[in-house]
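>>> Okay, here's the prediction I keep looking at, along with the sequence it came from:
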Amino acid sequence: MAGHSQFKNIMYRKSRQDAARSKMFAKLSREITVAAKLGGPDPASNPRLRLAIQNAKAQSMPKENIQRAINRSSGNDAANYEEIRYEGYGPGGVAFIVEALTDNRNRTASSVRAAFTKHGGSLGETGSVSFMFDRVGEIRYKPEVADADAVMEAAIEAGADDVVSDENGHLIYCAFEDMHAVSQALTESLGEPESVKAIWKPKTTTPVDEEKAASVLKLIQTLEDDDDVQNVYANFEVSDEVMKKLTAA
């Protein structure tokens, strides 16, 4: 019975991983389609598309999926996606920014609002929390690319503003307008990054206890499960011990 239970548990985890991978590919495809539609299908002359393709490849998205997403941008059936940013507060007063790409504004707004309400938060007006974040470029490298000192040196040479290195990898931050130049310089010194993207980085964080942190993570998960939601940012702070306990559950 123990072996059977373990097998079921493994199959359950694999099923969840496969579903998450499929959803990730769908969101990457949508970003590629929108980028190609806005700036043209040639990544050499379209920086947004170039980044979208790079990030898709970093997640092992098949080439045919990438090309299909590009082709979809010029098809008659291509959806007219709209970029929308939602802002609000989650449990414990944690500030949230939610970025979406949608072909139905009313549907997405209703889903996002319902997620906040269900998990003890509230949706606010645009601008209600974005002043608590900086719009910056984030360049991610895997831990094995180099040690922390080497990455720091490369980042300084490239013109980056900050580096955070730990066992999960290296996060390099730069001004939003410098993202392309910094990522190009880092590619020359460290190789192809795992991802390059514009993010909302909190200026300050809101400490929460284990109970509130669990609610915050549930809200993040609910939002990320929405097909229209591309990115979720929250300024909560919790101890490493509590985070490991919650994410292992």
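That came in fine, so what should we check first? Because the structure is a prediction, the values reported are computed rather than measured.
>>> Which elements pack onto the one helix or strand residue 69 maps to?
Following DSSP states H and E, one finds residue 69 within helix 63-72. Counting contacts by 3 or more CB pairs under 8 Å, 6 or more residues apart in numbering; DSSP states H and E, the secondary-structure elements packed against helix 63-72 are helix 2-39, helix 47-58. In short, each C-beta sits where N, CA and C put it, glycine included.
>>> ok, then the element right after that helix?
Past helix 63-72, further along toward the C-terminus, the next helix or strand under DSSP H and E is strand 82-89.
>>> any idea how far that following strand is from the chain center?
The chain centroid and the centroid of strand 82-89 are separated by 14 Å, computed with CA atoms, centre = their mean, to the nearest Å.
>>> ok, and for that strand, which residues are buried?
Using 16 or more other CB atoms under 10 Å as the burial criterion, the residues of strand 82-89 that qualify are 84, 86, 87, 88, 89.
>>> pLDDT (mean, whole number) over that strand?
Mean pLDDT, strand 82-89: 96.
>>> Sheet partners, orientation included, of it?
Strand partners for strand 82-89, identified by DSSP bridges, are recorded as strand 95-102 (antiparallel), strand 122-124 (antiparallel).
>>> so which of the ones you listed is the most packed in?
Across the strands paired with strand 82-89, averaging neighbours per residue (mean count of other CB atoms under 10 Å) puts strand 95-102 on top, at a mean of 23.
>>> what's the following helix or strand after that strand?
Downstream of strand 95-102, the next assigned helix or strand under DSSP H and E is helix 105-118.
>>> In terms of secondary structure, what does that next one contact?
Of the remaining helices and strands, those touching helix 105-118 by 3+ CB pairs under 8 Å, 6+ apart are strand 82-89, strand 95-102, strand 122-124, helix 210-224.
>>> where does this protein dip in pLDDT?
1-19, 76-79, 249 (pLDDT under 70).
>>> looking at the strands paired with strand 82-89, which is closest to residue 150?
The minimum distance between residue 150 and those falls on strand 95-102, with 32.4 Å, by CB to CB.
>>> ok so, going back, could you export the helices and strands packed on helix 105-118 as a markdown table, including distance to residue 148?
Output for the helices and strands packed on helix 105-118, formatted as a markdown table (distance: least, CB to CB, whole Å):
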| stretch | distance to residue 148 |
| --- | --- |
| strand 82-89 | 33 |
| strand 95-102 | 29 |
| strand 122-124 | 38 |
| helix 210-224 | 27 |
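>>> and residue 186, which of the ones you listed is closest to it?
Using CB to CB as the criterion, the shortest distance between residue 186 and the helices and strands packed on helix 105-118 is 24.0 Å, found for strand 95-102.
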